[in-house]
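Peer 1: Take this sequence and fold it.
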Amino acid sequence: MGFMDKIKQSASKAKEKATNFSEQYQISEKFSSVRDSVKKSVGESSAKMKEWNSTRKELAQPLEEAIKRYTVAYIGGIPAYPKKKSGFIGMNIMPDHFAFRPTIGTKDWFNDYDIPYHQISELTIEKRTISTEEILLGAGDNANQQQENVICIFYTDAEGQKLTLRIEMMTGINIYQQAATCRELMALLRQHNITEQFQNTKKETSSENDIFAQLEKLDRLKTMGILTEEEFNEKKKVLLEKI
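Peer 2: As a prediction, this is how the structure comes out:
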């Protein structure tokens, strides 16, 4: 047998062994199965990513009829969530109520929460001290470490509980812009007469109306001669001090 014949014979035997090994251990089928599994996994991941992006965009949109939407972080005040939690919440300024809605990062723990304006007694903005980390990152300096970006809503819920919702404004790149956004929020509430819907405003308006009505009554009594000028002026002074 020549040299070339020996090489051909060796190659043929090697091919035969490889075929037998592949058939014995079903390598081709296993490789095909792994390939199909990888394709399926990639397809599922792609579909989940598309769904996640769609949900994220949807939750980031203002509600229909919302005047404005702000992004805030929850600090405390809702009985169902007694402790501060991570993630952002959408604060929608509606014509007659605040509508708080979850974002993609809070949808697992935060449920829709509304506060009608007529249940609110007061809304204030508190200062927050800038952290050392924020100073190092360029968000503040030692000379100006406090900025007003914490929104406090004092309200009474449907069960009659007096509560205070505290949230931090997150719309804005840094704490200075967030504080500016809070000032914008207060101006927006006044512009749309939302603060006029708060409880304390109604009470003050009602009280003032009562005083004016009493002044008119005093004036009629004086005209009728029931009250003297001196008595009228004394009672008038007492009423005017209440305004």
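Peer 1: For Thr124, give me its contacts.
Peer 2: Listed by CB atoms under 8 Å, 6 or more residues apart in numbering, the contact set of Thr124 reads 151-152, 154. Where you see a C-beta, it was placed from the backbone N, CA and C, and this is true even at glycine.
Peer 1: ok, of these, which come out buried?
Peer 2: Buried residues within the contacts of Thr124, counting neighbours by 16 or more other CB atoms under 10 Å: 151, 154.
Peer 1: shaky segments in this structure?
Peer 2: Where the chain drops to pLDDT under 70, the residues are 1-34, 129-145, 200-209, 242-243.
Peer 1: so where do the strands sit in it?
Peer 2: Applying DSSP state E to the chain gives strands spanning 68-76, 88-93, 97-102, 113-116, 120-129, 146-156, 162-169.
Peer 1: export the contacts of Thr124 to CSV and tack on distance to Lys236?
Peer 2: Conversion of the contacts of Thr124 to CSV gives the following (distance: CB to CB, whole Å):
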residue, distance to Lys236
Ile151, 41
Cys152, 38
Phe154, 34
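Peer 1: Can you say which of the strands of the chain is nearest to Phe232?
Peer 2: The minimum distance between Phe232 and those falls on strand 120-129, with 35.5 Å, by CB to CB.
Peer 1: Outline the domain layout of this protein.
Peer 2: Per automatic domain parsing, the structural domains of the chain span 68-197, 199-240.
Peer 1: any idea which of these is most buried?
Peer 2: Among those, domain 68-197 has the highest mean neighbour count (mean count of other CB atoms under 10 Å), at a mean of 16.
Peer 1: before we move on, the earlier item: between the domains of the chain, which gets nearest to Lys48?
Peer 2: Among the domains of the chain, if distance is taken as CB to CB, the winner is domain 68-197, at 12.9 Å.
Peer 1: mind checking the end-to-end distance for that closest one?
Peer 2: Across domain 68-197, the terminal residues are separated by 17 Å (CA to CA, to the nearest Å).
Peer 1: if I pick the residue most central in space within the chain, what's in contact with it?
Peer 2: The residue lying closest to the centre of the chain (CA atoms, centre = their mean) is Ile89, at 2.2 Å. Residues near Ile89 by CB under 8 Å, 6+ apart: 71-74, 100-103, 106, 110, 167.
Peer 1: Tabulate the residues you listed (a markdown table), appending distance to Met94.
Peer 2: Output for the contacts of Ile89, formatted as a markdown table (distance: CB to CB, whole Å):
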| residue | distance to Met94 |
| --- | --- |
| Thr71 | 16 |
| Val72 | 15 |
| Ala73 | 20 |
| Tyr74 | 19 |
| Phe100 | 11 |
| Arg101 | 11 |
| Pro102 | 16 |
| Thr103 | 18 |
| Thr106 | 19 |
| Phe110 | 18 |
| Ile167 | 16 |
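Peer 1: which one of those residues is nearest Val238?
Peer 2: Of those, the one sitting nearest to Val238 (CB to CB) turns out to be Ile167, at 42.2 Å.
Peer 1: so what's that closest one bridging to?
Peer 2: For Ile167, the beta-bridge partners are Tyr74, Ile151 (DSSP bridges).
Peer 1: How far off centre is whichever helix in the chain runs longest?
Peer 2: Ranked by number of residues, the top helix in the chain under DSSP state H is helix 27-59. Its chain's C-alpha centre and that of helix 27-59 lie 32 Å apart, by CA atoms, centre = their mean, to the nearest Å.
Peer 1: Which strands and helices lie in contact with it?
Peer 2: Using 3 or more CB pairs under 8 Å, 6 or more residues apart in numbering; DSSP states H and E, no helix or strand is in contact with helix 27-59.
Peer 1: how far off strand 97-102 does that helix point, in degrees?
Peer 2: Per axes from the mean of the first three to the mean of the last three CA atoms, to 10 degrees, the angle that helix 27-59 makes with strand 97-102 is 170 degrees.
Peer 1: Buried residues of helix 27-59, list them for me.
Peer 2: With burial defined by 16+ other CB under 10 Å, the residues of helix 27-59 counted as buried are Leu59.
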